[in-house]
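In: Generate coordinates for the sequence data below:
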Amino acid sequence: MAFEIEIPSALDHILSQTLAVTQVYLVGGCVRDTLLGLPAKDFDLEVFGLTYTQLLEALKPWGRTDLVGHSFGVVKLTVGENETYDFCIARRDSKKGGGHKGFTIDFDPSITPMEAASRRDFTINSLMYDPYRHELLDFFGGRADLRAGILRHTSSAFTEDPLRVLRGMQFAARFNLTGAPETLELCRSMIQDYTELPLERIASEWEKWAAKSTKPSRGLEWLRDSGWIQHYPEISTLLGTPQDMEWHPEGDVFTHTGHCCDALVQLDGWKKASMEDRMTYMCAVLAHDFGKPATTVEVCREGRQRIISPGHETVGVSSAAIFLERINMPAAVRERVLPLVANHMVSGNHWTERAVRRLAHRLHPDNIEGLCLIMTADASGRPPLPAFCPSTVIELQRMAVQLSVRHAPPVPILMGRHLLESGWSPGREMGKILHLAYQAQLEGHFHDLSEAMNWVALQNP
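Out: Numbers count the residues shown, from 1 in each chain. Below you'll find the predicted structure:
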């Protein structure tokens, strides 16, 4: 099948000049991403007809070889300063014991490309590319599944590694895919295997979902349809939790959350953000209504039955903390998510300087800019109502810029050195007055150092 991947010149040169390597294929993400029209980033290669030692000797002349994956037959070749390629020996995997380490690896130079491809998780990842003949090898219909937007397991070997279910979650979200019914059924048969997964592997898949999704709701739907949502009760309880139809015509809280996550990835602020920022804001949007199942009630107002969730933003903080720990999200992300969840319901058409300074302080270690992304995603996750940036967010951004607190809380005007210079001695009393001074600064009682020192003098006449 005619098809071509643009291979880096250094790698192309190595392949053309390494005579010992006669049967090698590009595999995995670089093939899939090229078919999707995305830039190919990681170039992984699978080598046939050689032993691990023979492969190592063939690659040594070209750069630094790291035997990081000896037990899996992987040689990492680094050319120059930062061009790295993974070469792996074709292998058979078989599950012999529990956990992610319970695999027996069999290296056999006689393994065929089709047999090697059959051990890969999904058909979209079983694709192989022959760099010599410029041909696509598609033994399991991966190209057709990509075109149809289907995520399908490659073979029954799928069940040998439960991590593949969570990989399915992030693949569905990254590439806007829907799980094949037979694959979702297979995932449901593996629900009890979740306990085999180490926390670091769980975290890795959730981080990819949070930072790389193009349609994050697909990942949540994958969890729901595979049954694996039961491992995340903070998400599963959103299913069926009702909302007032006037404000939320889209449906229950789970549906709303998916729409909000999808809205977030469309915002320029998220697209331009760092990986940690993306993870933070996606997790905050995912968790922003975790408090609704516990607070949602039906009341009669003005002769109408209404559904409300008073205080859900506060109640949801503890659920968010539990969830983020459950998926082993990095501590730096957790610390930023919680204040965003706690404050996502703040509003004000007439923000005061005091309120904006106070808000910037409460949001630390995140900031008003991040909160505005969360609030805009929340407002935009209510189809068929149109996506929009609320006026309260626009005003908050304007005030935050005016007060220079858009990205961080106010810098303390009064510092310890100022008190030391005026005769104070280090100790508890100085720490106390510095704390009170910062609170007074947030309240707007002073605006420069001279006013701050006058304020201190009034506290200690």
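In: who touches Ile229 in this structure?
Out: By Cβ atoms under 8 Å, 6 or more residues apart in numbering, the contact set of Ile229 is Leu220, Leu223, Ile235, Ser236, Leu239. For the C-beta atoms, the positions are set from N, CA and C on the backbone; glycine is no exception.
In: Torsion angles phi and psi at it?
Out: When read as degrees, to the nearest 10, the backbone of Ile229 gives phi -60, psi -20.
In: Leu223 versus that one, what's the distance?
Out: Ile229 sits 4 Å away from Leu223, going by Cβ to Cβ, to the nearest Å.
In: Mind listing the shared neighbours of these two?
Out: Listed contacts common to Ile229 and Leu223 are Ile235; contacts here mean Cβ under 8 Å, 6+ apart.
In: Turn the contacts of Ile229 into JSON lines, including pLDDT and secondary structure.
Out: Converted to JSON lines, the contacts of Ile229 look like this (pLDDT from 0 to 100; DSSP: H, G, I helix; E, B strand; the rest coil):
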{"residue": "Leu220", "pLDDT": "98", "secondary structure": "helix"}
{"residue": "Leu223", "pLDDT": "98", "secondary structure": "helix"}
{"residue": "Ile235", "pLDDT": "98", "secondary structure": "helix"}
{"residue": "Ser236", "pLDDT": "98", "secondary structure": "helix"}
{"residue": "Leu239", "pLDDT": "98", "secondary structure": "coil"}
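In: Just give me the closest of those residues to Thr183.
Out: Taking Cβ to Cβ as the measure, Thr183 lies nearest Leu223 of the contacts of Ile229, at 13.4 Å.
In: Report how many residues lie close to the closest one.
Out: Leu223 sits with 22 neighbouring residues when counted by other Cβ atoms under 10 Å.
In: Leaving aside the residues adjacent along the chain, what's closest to Arg174?
Out: Lys212 (5.0 Å; Cβ to Cβ, 6 or more residues apart in numbering).
In: So what sits opposite Met128 in the bridge?
Out: Judged by DSSP bridges, the bridge partners of Met128 are Val27, Leu137.
In: Next up, the contacts around it.
Out: Contacts of Met128 (Cβ under 8 Å, 6+ apart): Tyr25, Leu26, Val27, Val31, Glu46, Pro113, Ala117, Leu136, Leu137, Asp138.
In: ok, now Thr392?
Out: Contacts here follow Cβ under 8 Å, 6+ apart; on that basis Thr392 touches Ser347, Gly348, Asn349, Trp351, Met375.
In: Which strand or helix spans the closest residue to Leu199 other than its chain neighbours?
Out: Leaving aside its sequence neighbours, Leu199 sits nearest to Asn328 (Cβ to Cβ, 6+ apart; 4.1 Å). For Asn328, there is no enclosing helix or strand under DSSP states H and E.
In: hang on, Asn328 packs against Ile202?
Out: Yes - shown here, Asn328 and Ile202 form a contact pair, counting by Cβ atoms under 8 Å, at 6.0 Å.
In: which residues does Leu184 contact?
Out: Contacts of Leu184 by Cβ under 8 Å, 6+ apart are Trp222, Asp225, Ser226.
In: Mind checking which of the residues you listed are in helices?
Out: Cross-referencing those against helices under DSSP state H gives Trp222, Asp225, Ser226.
In: Weed out the non-buried ones from the contacts of Ile229.
Out: Of the members of the contacts of Ile229, the ones counted as buried by neighbours, 16 or more other Cβ atoms under 10 Å, are Leu220, Leu223, Ile235, Ser236.
In: Can you tell me which of the residues you listed is closest to Thr154?
Out: Relative to Thr154, the closest of the buried ones among the contacts of Ile229 is Leu223; by Cβ to Cβ it sits at 20.7 Å.
In: hang on, that closest one packs against Tyr232?
Out: Yes - Leu223 is within contact range of Tyr232, at 6.9 Å (criterion: Cβ under 8 Å).
In: got a markdown table for the buried ones among the contacts of Ile229, with distance to Thr392 too?
Out: Putting the buried ones among the contacts of Ile229 into a markdown table (distance: Cβ to Cβ, whole Å) gives the following:
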| residue | distance to Thr392 |
| --- | --- |
| Leu220 | 27 |
| Leu223 | 32 |
| Ile235 | 28 |
| Ser236 | 31 |
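In: Next, give me the two most distant ones among those residues.
Out: It's Leu220 and Ser236 that sit farthest apart of these, by Cβ to Cβ, at 10.4 Å.
In: which strands and helices sit next to the helix or strand containing His418?
Out: Under the criterion of DSSP H and E, His418 resides in helix 416-421. Secondary-structure packing of helix 416-421 (3 or more Cβ pairs under 8 Å, 6 or more residues apart in numbering; DSSP states H and E): helix 428-443, helix 449-459.
In: got the ones in helices among the contacts of Leu184 as TSV, with distance to Gly179, pLDDT and neighbour count columns?
Out: Shown next, in TSV, are these (distance: Cβ to Cβ, whole Å; pLDDT from 0 to 100; neighbours: other Cβ atoms under 10 Å):
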residue	distance to Gly179	pLDDT	neighbour count
Trp222	5	98	27
Asp225	6	98	18
Ser226	7	98	24
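In: Let me know the closest of the residues you listed to Leu414.
Out: Of all the ones in helices among the contacts of Leu184, Trp222 has the smallest distance to Leu414: 52.5 Å, by Cβ to Cβ.
In: Do I have it right that the closest one meets Met169?
Out: Yes - counting by Cβ under 8 Å, Trp222 touches Met169, with 4.8 Å between them.
In: ok, what's across the strand from Ile150?
Out: With DSSP bridges as the rule, Ile150 is bridged to Thr178.
In: Tell me which stretches of this protein form strands.
Out: With strands called from DSSP state E, the chain shows them at 23-27, 44-48, 64-69, 74-79, 83-89, 91-95, 103-107, 128-130, 135-137, 150-151, 178-179, 297-301, 304-308.
In: helices or strands up against the first one?
Out: If contacts are counted by 3+ Cβ pairs under 8 Å, 6+ apart, strand 23-27 sits against strand 44-48, strand 128-130.
In: For it, what does the pLDDT average out to?
Out: Here strand 23-27 scores 94 as its mean pLDDT.
In: Mind listing what's buried along it?
Out: For strand 23-27, by 16+ other Cβ under 10 Å, it's Val24, Tyr25, Leu26, Val27.
In: how far out from the middle of the chain is it?
Out: 30 Å (Cα atoms, centre = their mean, to the nearest Å).
In: How about the last one?
Out: A distance of 35 Å separates the centroid of the chain from that of strand 304-308, by Cα atoms, centre = their mean.
In: who touches it?
Out: Defining contact as Cβ under 8 Å, 6+ apart, one finds that strand 304-308 is touched by Pro242, Gln243, Asp244, Thr296, Val297, Glu298, Val299, Cys300.
In: now the longest one
Out: Outside strand 83-89, the residues that touch it by Cβ under 8 Å, 6+ apart are 8, 10-11, 24, 42-47, 50-52, 55, 59, 69, 72-79, 107.
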